[in-house]
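J.: Here is a sequence with its predicted model. Questions after.
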Amino acid sequence: MKRLLGITLFSIFVLIALVFTNMGDDDLSEPIEKMTNSQVETKTAPEMTVGELKGILTDFQRDVAPQIKNDFERKLAERMYVEMSIFDESIDINKLITRASEQADFERAWLTHAKDEYGVVVTDEEVDGWIERGPDAEVVESQRRYAEAKEMSVYELNHNYYRDQYVKWVVWEKLIPLITERYEESSEQVLDNNRLIELYENEVKDTLYINDTLISPTHLSRATVHFICFNCSKPSSRSIAYIVPATFSPQYGSEA
C-alpha cells in the first residue's frame with residue numbers, strides 16, 4: 001500500500017517546483033506568523049505540451065537565468081518561473097530571484113541542521129536506490145514531457161535535476177524517529193508528521209538569518225502554497241516530505 005501511495009504521489013509531485021508561494025504584494029506584506037498550514041491550497045496544472053514547456057524554459061533562460069550566478073538558486077528560480085507561467089501568474093523577476101535565493105539558503109540550512117544536530121547524512125547509493133524504487137519505477141506522461149522539454153532523459157530528470165528534493169525525502173525518513181524521540185515527552189500535542197515538520201522547521205529557522213532578519217523556510221508553512229497536480233483527476237494536498245499531511249509517509253520502496 002505504501003509503495004502504491006509513493007508511486008501515485010509522484011504523479012502529483014511538484015515536477016515544476018518544490019513549492020511556489022504567491023508573489024502578490026498582499027502576500028509579501030502579510031505577517032508570516034499569522035499564516036498557517038490551513039491556507040494550503042491545491043491546483044491542478046493545465047496540460048502543457050513539450051513545445052509550450054520549451055517556450056517557457058526559453059523565456060526563463062533569456063529573461064531570468066543571466067541574473068542568477070548560483071546554479072542551485074537558478075534551478076529553484078526556474079521551477080518557480082515555470083509553475084507561475086503554467087498558471088498564467090504575473091511574474092515579478094526581482095521578487096522571483098529574491099524568493100529563490102531565500103529558498104536556497106533554507107534548503108542548505110535544512111540539510112546542514114540534519115547533519116550537525118542529528119548526525120543524519122545520506123549516501124548517493126541510498127538516494128539513487130530510493131529514486132529507482134519510486135520515480136523511476138513508474139514514469140507518468142507529465143514527467144516524460146518535462147524531461148523532453150529540458151532535453152534530458154527521465155533518468156537525468158530524476159537523478160540529477162530533482163535530486164536535491166529526493167535527498168530531502170531520504171533524510172526526512174531518518175529524521176522522523178530522532179525528532180520524535182526528542183519531543184515525545186515534552187510535547188503537549190500529538191507528534192504526527194505535521195507536528196514533527198513544524199518542530200524541525202522551527203529548529204532550522206533558529207539557525208537561519210538573512211540580512212539580520214529571521215526568515216521562514218521560503219514561507220513554506222506560513223504562506224499560501226500551491227501544489228501542482230499533473231496527472232490526477234482530483235487535487236491532492238500531499239506534497240514533499242516536510243510539508244505533507246500527517247497521513248503521508250514518504251517511503252516509496254516500503255511494503256504494506
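T.: The structure has been received and is ready for your questions.
J.: which residues of the stretch 1-150 of the chain score low on pLDDT?
T.: Within the stretch 1-150 of the chain, the segments meeting pLDDT under 70 span 1-44.
J.: Tell me where it has helices.
T.: Under the criterion DSSP state H, counting those that start in this stretch, helices of the stretch 1-150 of the chain are mapped to 2-11, 25-29, 50-63, 71-86, 93-118, 124-133, 141-149.
J.: Can you check which of the ones you listed gets nearest to Arg163?
T.: helix 124-133 (6.7 Å; CB to CB). Placement of C-beta: from N, CA and C, glycine included.
J.: Packing partners of that closest one?
T.: Using 3 or more CB pairs under 8 Å, 6 or more residues apart in numbering; DSSP states H and E as the contact test, the elements touching helix 124-133 are helix 163-183.
J.: Between helix 163-183 and the next helix or strand along the chain from the helix it packs on, find me the angle.
T.: Going down the chain from helix 163-183, the next helix or strand is helix 193-207, by DSSP states H and E. Inter-element angle recorded for helix 193-207 and helix 163-183: 100 degrees (by axes from the mean of the first three to the mean of the last three CA atoms, to 10 degrees).
J.: Go through helix 193-207 and flag the buried ones.
T.: 193-201, 203-205 (16 or more other CB atoms under 10 Å).
J.: do stretch 83-91 as well
T.: 83-86, 89, 91.
J.: Please identify which of these is nearest to His113.
T.: Among the buried residues of stretch 83-91, and counting by CB to CB, the member closest to His113 is Glu83, at 26.6 Å.
J.: Quick check: the closest one vs Ser101, distance?
T.: According to CB to CB, to the nearest Å, Glu83 stands 17 Å off from Ser101.
J.: and the helices of the stretch 1-150 of the chain as TSV, adding distance to Asn158?
T.: Formatted as TSV, the helices of the stretch 1-150 of the chain follow (distance: least, CB to CB, whole Å):
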stretch	distance to Asn158
helix 2-11	9
helix 25-29	31
helix 50-63	17
helix 71-86	14
helix 93-118	18
helix 124-133	5
helix 141-149	8
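J.: Can you tell me which of these is most buried?
T.: helix 71-86 (a mean of 21; mean count of other CB atoms under 10 Å).
J.: ok so, going back, of the buried residues of stretch 83-91, closest to Glu173?
T.: Glu83 (25.9 Å).
J.: how much space between that closest one and Pro177?
T.: In terms of CB to CB, Glu83 sits 33 Å off from Pro177.
J.: One more: Asn194?
T.: 16 Å.
J.: How about Glu184?
T.: Taken as CB to CB, the span from Glu184 to Pro177 is 10 Å.
J.: ok, now Ile68?
T.: The gap separating Ile68 from Pro177 is 37 Å, by CB to CB.
J.: More neighbours: the two, which one.
T.: Ile68 (19 against 10; other CB atoms under 10 Å).
J.: thinking that one is in contact with Ala104, fair?
T.: No. In this structure, Ile68 is not within contact of Ala104 by CB atoms under 8 Å, at 9.7 Å.
J.: Surely Leu157 is in a helix?
T.: Yes. Remark: Leu157 belongs to a helix, assigned using DSSP: H, G, I helix; E, B strand; the rest coil.
J.: number of nearby residues for it?
T.: 21.
J.: Contact partners for the closest residue to it other than its chain neighbours?
T.: Of all residues not flanking Leu157 in the chain, Ala147 sits nearest, at 4.2 Å (CB to CB, 6 or more residues apart in numbering). The neighbourhood of Ala147, defined by CB atoms under 8 Å, 6 or more residues apart in numbering, consists of 153-154, 156-157.
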